[in-house]
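A.B. asks: I'd like to go over a predicted model; first the sequence, then the structure.
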Amino acid sequence: MISKPQPGEYNDYYHKYIESLPAQADILDFLQKQRQDVVQLLGRVSEPEADFAYEPGKWSIKELLGHMNDTERIMSYRALCIARGEQSALPGFDENVYVTNAYFKERTLSGLLAEHQIVREATLALFDTLPAPAISRIGNANGSPVSVAALAFIIAGHERHHLNILKERYLVKL
């Protein structure tokens, strides 16, 4: 079981994501369940509806899901690097530049959902196989310390944040 990270194991920016999760959550079980939640939530959205953005300048549903996929890949990569003992600082990323250059609007929602399932399966496989010393290892990403454990919680909290936005700002308007 991966213990909830303590402040100091992650940048303060991620505190809202980590604190949004249940206090005693088994993070791997939570990530597994979340995978099903995404399919249930977005599986009822039609392809034309997936191009909807709740206001001008905001991402479409497809862009938001693509962002979730990209972010999970990046956080998992960071976890892999740090777990394996990487000493170099890992770079940050500009989410808006990534979304712009990904052309998610040209993809199908069903394709992005399938990708989400594959990305989550890879994330689960990584965290499920890490030994305790690797889980507690701390590295540097985007100029801040971060533990491997914190990255698992950040992935889950980031997705929870965006699923709430989908429910509150997108799906209520469809």
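C.D. replies: Cool, got the structure.
A.B. asks: list the buried residues in the longest helix out of those in the chain.
C.D. replies: Counting residues, the longest helix found in the chain (DSSP state H) is helix 61-83. By neighbour count on 16 or more other CB atoms under 10 Å, the buried set for helix 61-83 is 61-72, 74-76, 78-83. Glycine gets a C-beta too; all of them are placed from N, C-alpha and C.
A.B. asks: again with stretch 17-25
C.D. replies: 17-18, 21, 25.
A.B. asks: so which of those is the closest to residue 51?
C.D. replies: residue 17 (26.9 Å; CB to CB).
A.B. asks: tell me the helix or strand right after the host helix or strand of that closest one.
C.D. replies: If you go by DSSP states H and E, residue 17 is part of helix 15-19. The helix or strand immediately downstream of helix 15-19 is helix 27-42, counting by DSSP H and E.
A.B. asks: by contact count, what packs against that next one?
C.D. replies: helix 61-83, helix 109-129, helix 148-165 (3 or more CB pairs under 8 Å, 6 or more residues apart in numbering; DSSP states H and E).
A.B. asks: and these: which comes nearest residue 100?
C.D. replies: Closest approach to residue 100 among the helices and strands packed on helix 27-42 (CB to CB): helix 61-83, 9.1 Å.
A.B. asks: how much does the next helix or strand after the closest one deviate in direction from helix 109-129?
C.D. replies: Counting by DSSP H and E, the next helix or strand C-terminal to helix 61-83 is helix 95-102. With axes from the mean of the first three to the mean of the last three CA atoms, to 10 degrees defining the directions, helix 95-102 sits at 130 degrees from helix 109-129.
A.B. asks: list of residues touching helix 95-102?
C.D. replies: 59, 63, 66-67, 70-71 (CB atoms under 8 Å, 6 or more residues apart in numbering).
A.B. asks: what pLDDT, on average, does it get?
C.D. replies: For helix 95-102, mean pLDDT rounds to 98.
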